[in-house]
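*Asks:* Starting from these lines, generate the structure:
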Amino acid sequence: MAPYTPSMSTRLPERYCGYCAASLIPLEVPHTSADCATCGKRRHEVRHGEGGKGIKIEAGETFTIPQGWPTISFDPKKANGQLSRYGVPFLLQQFFLSWAPPNSEELIAKVEAAFENWQTELQASDKLAGIDLQASGGAEQAWERLKDDRESWEFHMFSKCVSAVLTQEAVRTNDAQAAAHAALFMGLQHGLSIVAEPYLEETIWRGYQAGLAIHESSAAADHVPGEVEALAELDPLFRQVGEPTLRTWLDSGATLGPRLGITKLPESLLVARAKWHVEEFKREREERAKFPAERRAWWDLTLKWLTLVGAVLSSAAFAAVWTYLNRG
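*Replies:* Below you'll find the predicted structure:
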């Protein structure tokens, strides 16, 4: 049997150039395209600019952004790029305003399209597992499951879906007041569903915590030097009061601030500083008590060495005299 040879219609396209190794099929990321000067084939590549930033485009090249790129999200797992400082408000505006109709004539069409998208997103939630929102009684089952969880993303999504249906019905029946009320409620629930989205809610919470940390660090930077200086100025006062008085105040639980004439520092700091000074007094007393003993030990050791040296010298002198006398 002759070997199988694929026809031109079934043969897979060549992926890489055999000469320059560049891709011969369009890339899934922004890239440049041009005819290869070596083989003449259309090559597609990403050539970064200076310092590895951006994409460098040469004369005669075509720059292409694939359809559906980029994917922008606050969740890094769902995005293929990073937001800049100005990209954050832009993305938030898209969340809030992307479904808004450009004029009143397109209101119903926009609401219908938005409703379909919102219902699809809500249907994918684990909290509604086993419930078909499009089936008879599905909405009632979803309400029973979500009515006690009113801060959840699913509750706000369900509420704006209901409001979208009520808006459409009110417009069709020419009930302007009901339509305005339902549309207003739909818009409010839409905003709440955006904020309640799990990753965005977590991002807002982390940002709030970061803001608190920055504020506390800034406040501490202003407050701590003043406390350090004030505590340092208290040291001579504690020295003047002395250990017995400080121990008496501390053991009795007396308030130190009024006794020292200090009103600007917390009592807890004064007590902690007083305890430190009491321990310092104790350490100094032990050092003073230990010094005479160490000094006596040093003198004892010195005397022993002098005695030994004297004995050695005396022995050496006696031996020299004995030797001299024996010569005579």
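*Asks:* quick one: least confident helix or strand in this structure?
*Replies:* The weakest-scoring helix or strand in the chain, judged by mean pLDDT, DSSP states H and E, is helix 267-327 (a mean of 70).
*Asks:* so who does the residue positioned nearest the centre of the chain touch?
*Replies:* The residue lying closest to the centre of the chain (CA atoms, centre = their mean) is Arg206, at 6.5 Å. Under the criterion of CB atoms under 8 Å, 6 or more residues apart in numbering, Arg206 has no neighbours. Glycine gets a C-beta too; all of them are placed from N, C-alpha and C.
*Asks:* I'd like the average pLDDT over the host helix or strand of it.
*Replies:* Element membership of Arg206, judged by DSSP states H and E, is helix 198-241. Model confidence over helix 198-241 averages 79 on the pLDDT scale.
*Asks:* mind listing the helices for the stretch 1-150 of the chain?
*Replies:* Counting by DSSP state H, counting those that start in this stretch, the stretch 1-150 of the chain has helices at residues 87-97, 107-123, 138-146.
*Asks:* Surely Cys36 is in contact with Arg43?
*Replies:* Yes. Judged on CB atoms under 8 Å, Cys36 makes contact with Arg43 at a distance of 4.7 Å.
*Asks:* joint contacts of the two?
*Replies:* Common neighbours of Cys36 and Arg43 (CB under 8 Å, 6+ apart) are 17, 20, 22.
*Asks:* now, among those residues, which is nearest to Glu286?
*Replies:* Of all these, Ala22 has the smallest distance to Glu286: 80.7 Å, by CB to CB.
*Asks:* if I look at that closest one, how far off is Tyr16?
*Replies:* Applying CB to CB, to the nearest Å, the value for Ala22 to Tyr16 is 7 Å.
*Asks:* Kindly report the same for Leu146.
*Replies:* Distance of Leu146 to Tyr16, computed by CB to CB: 52 Å.
*Asks:* Of the two, which one has the most company?
*Replies:* Taking other CB atoms under 10 Å, Leu146 and Tyr16 do not tie; Leu146 has more neighbours (21 against 12).
*Asks:* so where's the stretch 1-150 of the chain shaky on pLDDT?
*Replies:* 1-13, 68 (pLDDT under 70).
*Asks:* please redo it, this time with the cut-off set to 90
*Replies:* 1-32, 34-107 (pLDDT under 90).
*Asks:* now the strands for it?
*Replies:* Assigned by DSSP state E, counting those that start in this stretch, the stretch 1-150 of the chain shows strands spanning 31-35, 42-45, 62-64.
*Asks:* Among those strands, which comes closest to Ala213?
*Replies:* Of these, nearest to Ala213 by CB to CB is strand 31-35, at 41.2 Å.
*Asks:* Within the sheet, what are the partner strands of that closest one, with directions?
*Replies:* According to DSSP bridges, strand 31-35 has the following sheet partners: strand 42-45 (antiparallel), strand 62-64 (antiparallel).
*Asks:* Mean neighbour count and distance to Thr32 for those - can I get that in TSV?
*Replies:* TSV is the format used below for the strands paired with strand 31-35 (neighbours: other CB atoms under 10 Å; distance: least, CB to CB, whole Å):
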stretch	mean neighbour count	distance to Thr32
strand 42-45	18	6
strand 62-64	12	6
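*Asks:* could those be laid out in a markdown table, adding distance to Ala124?
*Replies:* Shown next, in a markdown table, are the strands paired with strand 31-35 (distance: least, CB to CB, whole Å):
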| stretch | distance to Ala124 |
| --- | --- |
| strand 42-45 | 35 |
| strand 62-64 | 32 |
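*Asks:* Quick check: which of those strands is nearest to Leu27?
*Replies:* Closest among the strands paired with strand 31-35, using CB to CB: strand 42-45, at 5.3 Å.
*Asks:* contacts for that closest one?
*Replies:* The contact list for strand 42-45 (CB under 8 Å, 6+ apart) reads 17, 20, 22-27, 31-36, 64.
*Asks:* Any chance of the strands of the stretch 1-150 of the chain in JSON lines with distance to Leu166 as columns?
*Replies:* As requested, those are exported to JSON lines (distance: least, CB to CB, whole Å):
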{"stretch": "strand 31-35", "distance to Leu166": "47"}
{"stretch": "strand 42-45", "distance to Leu166": "50"}
{"stretch": "strand 62-64", "distance to Leu166": "45"}
